[in-house]
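1. this one's structure only:
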């Protein structure tokens with residue numbers, strides 16, 4: 001059972017250890033309960049349904065448990081899924097620690113902390129610098145440990161910090177090319193734009209939305225955190241700098257139908273919206289293509305209008321060592 005989920009080919013029968021990321025109880029058309037699982041290991045996530053689930057199964061197979069699953073990797077409507085034939089909890093002496101199965105960001109936490117810390121020196125606006133440092137200090141552990149999403153982009157341990165560092169790197173290039181951009185607003189907005197997810201999400205293990213996450217959402221939550229920071233630091237919340245910083249975080253989804261209460265009306269807000277979307281999109285596509293055979297299309301990507309992406313047979317000469 002050494003192979004991981006996506007090291008197996010389509011139609012392979014196998015037995016592997018996986019972590020239950022989520023377990024939702026649903027009713028089938030025949031009125032019987034089934035469990036809609038999302039399993040994960042360090043190669044990725046896959047869905048699977050456990051039909052005719054008994055109450056003991058529902059109590060036993062819950063999120064955060066490591067299980068040994070026997071089944072077949074299949075495609076359903078061009079999306080990978082696991083057909084389950086047998087399921088049991090990992091036994092004593094078997095690899096049952098959940099952290100063994102959790103995908104992690106390619107940068108270590110201390111590396112991300114260092115990159116963000118260096119950027120803070122580029123934020124020359126005193127109010128923005130103080131607000132960013134205050135909020136970052138308050139949520140630093142969660143910020144560099146939590147995923148950036150429950151399921152779609154950067155849904156890995158440390159994904160939130162890595163997503164932010166990725167955007168900061170792109171923001172540096174934008175500033176070099178467009179000297180009119182305000183560095184304090186751009187860097188401050190990038191660091192804060194998703195930090196509300198430390199309140200919106202439950203953590204890196206079996207990630208779910210919290211009550212505040214479901215009812216308020218990370219965009220409004222970070223706006224509230226900026227207000228709290230202003231009160232703690234005796235900063236005028238009605239100053240232009242604070243209003244502009246709030247506008248950036250409130251507008252970063254770009255459109256009201258995508259969750260932003262306002263659309264971007266500031267250069268730096270428009271830039272962050274596009275950089276955020278670009279980094280999330282590339283991550284979703286990269287993740288799908290990693291488990292796609294060259295010359296075929298990927299699974300459909302929900303976050304990108306259910307589009308599939310082609311993985312070329314053509315490889316750049318540099319990648320072949322030429």
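-> Right, received. Where do you want to start? This is a predicted model, so every value here is computed, not measured.
2. what's the domain layout of the chain?
-> Per the record, the chain has its domains at 5-101, 109-283, 295-320, by automatic domain parsing.
3. can you put the ones you listed in TSV and add distance to residue 289 and mean neighbour count?
-> Glycine gets a C-beta too; all of them are placed from N, C-alpha and C. TSV is the format used below for the domains of the chain (distance: least, CB to CB, whole Å; neighbours: other CB atoms under 10 Å):
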stretch	distance to residue 289	mean neighbour count
domain 5-101	11	15
domain 109-283	10	19
domain 295-320	5	12
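4. As a markdown table, those with mean pLDDT would be great.
-> What follows is the domains of the chain, written out as a markdown table (pLDDT from 0 to 100):
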| stretch | mean pLDDT |
| --- | --- |
| domain 5-101 | 88 |
| domain 109-283 | 95 |
| domain 295-320 | 85 |
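5. Would you state the helices of the stretch 151-300 of the chain in chain order?
-> 159-177, 183-193, 197-200, 211-215, 218-233, 240-251, 267-290 (DSSP state H, counting those that start in this stretch).
6. Reformat those helices as TSV; add distance to residue 24.
-> Below are the helices of the stretch 151-300 of the chain laid out as TSV (distance: least, CB to CB, whole Å):
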stretch	distance to residue 24
helix 159-177	22
helix 183-193	29
helix 197-200	19
helix 211-215	15
helix 218-233	22
helix 240-251	31
helix 267-290	22
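7. So for residue 85, which of those helices sits nearest?
-> For the helices of the stretch 151-300 of the chain, the distance to residue 85 is smallest for helix 267-290, at 26.1 Å, taking CB to CB.
8. ok so, going back, closest to residue 73 out of the helices of the stretch 151-300 of the chain?
-> With CB to CB as the criterion, residue 73 lies closest to helix 267-290 of those, at 15.0 Å.
9. quick one: the closest one to helix 159-177, angle?
-> Calculated by axes from the mean of the first three to the mean of the last three CA atoms, to 10 degrees, helix 267-290 forms an angle of 120 degrees with helix 159-177.
10. same for helix 267-290, what does it pack against?
-> Judged by 3 or more CB pairs under 8 Å, 6 or more residues apart in numbering; DSSP states H and E, helix 267-290 is in contact with helix 159-177, helix 183-193, helix 240-251.
11. what's near enough to touch residue 253?
-> Residues counted as contacts of residue 253 (CB atoms under 8 Å, 6 or more residues apart in numbering) are 219, 259-260, 273.
12. cutoff 7 Å now
-> Applying CB atoms under 7 Å, 6 or more residues apart in numbering to residue 253 gives the contacts 219, 259-260.
13. Show the backbone phi and psi for it.
-> Main-chain torsions, residue 253, degrees, to the nearest 10: phi -80, psi -10.
14. so how far is residue 80 from it?
-> Counting by CB to CB, to the nearest Å, the separation of residue 253 from residue 80 is 28 Å.
15. now do residue 157
-> From residue 157 across to residue 80, the span is 21 Å (CB to CB).
16. My guess is residue 235 contacts residue 127. True?
-> Yes: at 5.1 Å, residue 235 and residue 127 qualify as touching, with contact defined as CB atoms under 7 Å.
17. Could you single out the nearest of the contacts of residue 253 to residue 112?
-> residue 219 (22.4 Å).
18. OK, contacts around the closest one?
-> Neighbouring residues of residue 219 by CB under 7 Å, 6+ apart: 196, 249-250, 253, 259-260.
19. okay if I get those residues as TSV plus distance to residue 119?
-> Formatted as TSV, the contacts of residue 219 follow (distance: CB to CB, whole Å):
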residue	distance to residue 119
196	19
249	16
250	21
253	22
259	26
260	24
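20. Make sure residue 36 is indeed in a strand.
-> Yes: with DSSP: H, G, I helix; E, B strand; the rest coil as the criterion, residue 36 is located in a strand.
21. gap between it and residue 231?
-> Going from residue 36 to residue 231 by CB to CB gives 44 Å.
22. residues in contact with residue 260?
-> Going by CB under 7 Å, 6+ apart, residue 260 touches 219, 250-254.
23. if we go to 10 Å?
-> Applying CB atoms under 10 Å, 6 or more residues apart in numbering, we find residue 260 in contact with 219, 249-254, 269, 273.
24. Okay, the spatially closest residue to residue 204 that is not a sequence neighbour and residue 308: tell me how far apart.
-> In this structure, residue 204 finds its nearest non-sequential neighbour in residue 157, 4.6 Å apart by CB to CB, 6 or more residues apart in numbering. The gap separating residue 157 from residue 308 is 27 Å, by CB to CB.
25. what does residue 72 give?
-> 22 Å.
26. what does residue 221 give?
-> Distance, residue 221 to residue 308, by CB to CB: 34 Å.
27. now do residue 46
-> 17 Å.
28. cool, residue 209 as well?
-> According to CB to CB, residue 209 stands 27 Å off from residue 308.
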